[in-house]
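> next input, structure requested:
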Amino acid sequence: MKNLLFKSARALAVVAGLAVAGPALAAGDGPHVEKQPWSFAGPFGQFDKAQLQRGFQVYQEVCSACHGLSYVAFRNLAEEGGPGFSVDEVKALAAEYSIEDGPDSEGEMFERDGKPFDKFPSPFPNEQAARASNNGAYPPDLSLMAKARAALRGFPWFVLDVATQYQENGPDYLYGLLTGYHEAPEGVEVPEGQYYNPGFISGSTLAMAPPLSDELVEYSDGSPMTVDQYARDVSAFLMWTAEPHLESRKRIGFGVMAFLILFASLLYFTKRKIWRDVDH
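The predicted structure is shown next:
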């Protein structure tokens, strides 16, 4: 009995600790992340194919100069639930890239045109070359960035997130980061080679210069060519690269929940049918 009481008290202490520490986590040194409206939000959300295509255009024309997509193959762009490129478009896109292959029969590496099954090549041959080109900073791969850089919301928000199916803190953070550059307030010193951005998860300054500006990428579908729109589109695209099967996962999850509800209902009425006239 004493052991049970001790365990119960310890569990209550842990819960109380979370409740006290939660506000500190939520209001700590991390950035404040504003929730954004996304087409893929919620249990029935889906990717906007036009937005994914625009986001890929922003990545290709801006981000790919420094950041790779090493976990994404060209053919993924034509798969269901993705940007919706045709197979011919993917083949033409892959052919624009040079891929190192080999070794050949003489043991030498060689360059060839990209194929749909190839992964997006890194813009740098190795980490040292990447750092040398970026003042010592190493540009991370963006394939899983929308999941790897999800800012913590602290207690009790993470509990509510489970109930509301909120899973978009990654793209919310990326959008806030890309639109968060501005002049440092008076009294805040920005180190040389750094840029002030309070939306950065590891501090208020970072080595990446503001990558976006108005009318930097020309859209052909009439969408606004603004920093805000570019940031939204590329954040949505990176959410897809991080979770390309999001739509199918939600469909399967809905089917499983519907089955479980139906199965539980059948069990309940079966139990009442069998045990209704039995004395207890």
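
> in the protein, which helix is the longest?
Using DSSP state H to assign secondary structure, the helix with the most residues in the chain is helix 246-275.

> buried ones in that one?
Judged by neighbour count (16 or more other C-beta atoms under 10 Å), helix 246-275 contains these buried residues: Leu246, Glu247, Lys250. (Glycine included, C-beta is placed from N, CA and C.)

> do stretch 230-246 as well
230-244, 246.

> next one: the longest helix of the chain to chain centre, how far?
Helix 246-275 has its C-alpha centroid displaced from the chain centroid by 31 Å (C-alpha atoms, centre = their mean, to the nearest Å).

> where does this structure dip in pLDDT?
Residues of the chain meeting the criterion pLDDT under 70: 1-30, 152-154, 280.

> rerun at 50
Along the chain, segments meeting pLDDT under 50 span 1-2, 4-28.

> quick one, strands of the stretch 1-150 of the chain?
Using DSSP state E, counting those that start in this stretch, the strands of the stretch 1-150 of the chain run over 98-101, 110-113.

> format these as CSV; extra columns: distance to Gly45 and mean neighbour count.
What follows is the strands of the stretch 1-150 of the chain, written out as CSV (distance: least, C-beta to C-beta, whole Å; neighbours: other C-beta atoms under 10 Å):
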stretch, distance to Gly45, mean neighbour count
strand 98-101, 35, 12
strand 110-113, 37, 11
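
> tabulate the ones you listed in CSV, adding columns for distance to Leu206.
Putting those into CSV (distance: least, C-beta to C-beta, whole Å) gives the following:
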stretch, distance to Leu206
strand 98-101, 31
strand 110-113, 34
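
> for the ones you listed, which one sits closest to Gly193?
Among the strands of the stretch 1-150 of the chain, strand 98-101 comes nearest to Gly193, with 30.9 Å by C-beta to C-beta.

> put the alpha carbons of that closest one into PDB.
Coordinates of each C-alpha in strand 98-101 appear next as PDB, following Å, rounded to 0.1, in the frame of the first residue of the first chain:
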ATOM      1  CA  SER A  98      24.400  16.300 -64.000                       C
ATOM      2  CA  ILE A  99      24.700  13.200 -61.800                       C
ATOM      3  CA  GLU A 100      28.000  11.700 -60.800                       C
ATOM      4  CA  ASP A 101      27.900   7.900 -61.500                       C
END
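
> start the count at 37, not 1, going forward
Understood, numbering begins at 37; the last thing we discussed is strand 134-137.

> so what does that strand touch, helix or strand wise?
Where contact means 3 or more C-beta pairs under 8 Å, 6 or more residues apart in numbering; DSSP states H and E, strand 134-137 is packed against strand 146-149.

> report how many residues lie close to the nearest residue to Pro119 once chain neighbours are set aside.
Spatial nearest neighbour of Pro119, excluding adjacent residues (C-beta to C-beta, 6 or more residues apart in numbering): Leu88 at 3.9 Å. Using other C-beta atoms under 10 Å, Leu88 is surrounded by 26 other residues.

> Leu88 contacts Phe121, doesn't it?
No. Between Leu88 and Phe121 there is no contact under C-beta atoms under 8 Å: 9.3 Å.

> circling back to that earlier point, how about the strands of the stretch 37-186 of the chain, which one is nearest Phe305?
Comparing the strands of the stretch 37-186 of the chain by C-beta to C-beta, strand 134-137 comes nearest, at 60.3 Å.

> partner strands of the closest one, parallel or antiparallel?
Its sheet considered, strand 134-137 pairs with strand 146-149 (antiparallel) by DSSP bridges.

> chain center to the partner strand: distance?
In terms of C-alpha atoms, centre = their mean, the centre of strand 146-149 is found 31 Å from the chain centre.

> CA-only coordinates of it in CSV, if you can.
The C-alpha trace of strand 146-149 is given here as CSV (Å, rounded to 0.1, in the frame of the first residue of the first chain):
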residue,chain,number,x,y,z
PHE,A,146,31.8,10.0,-64.7
GLU,A,147,29.0,12.5,-65.2
ARG,A,148,25.6,11.8,-66.9
ASP,A,149,22.3,13.4,-67.3
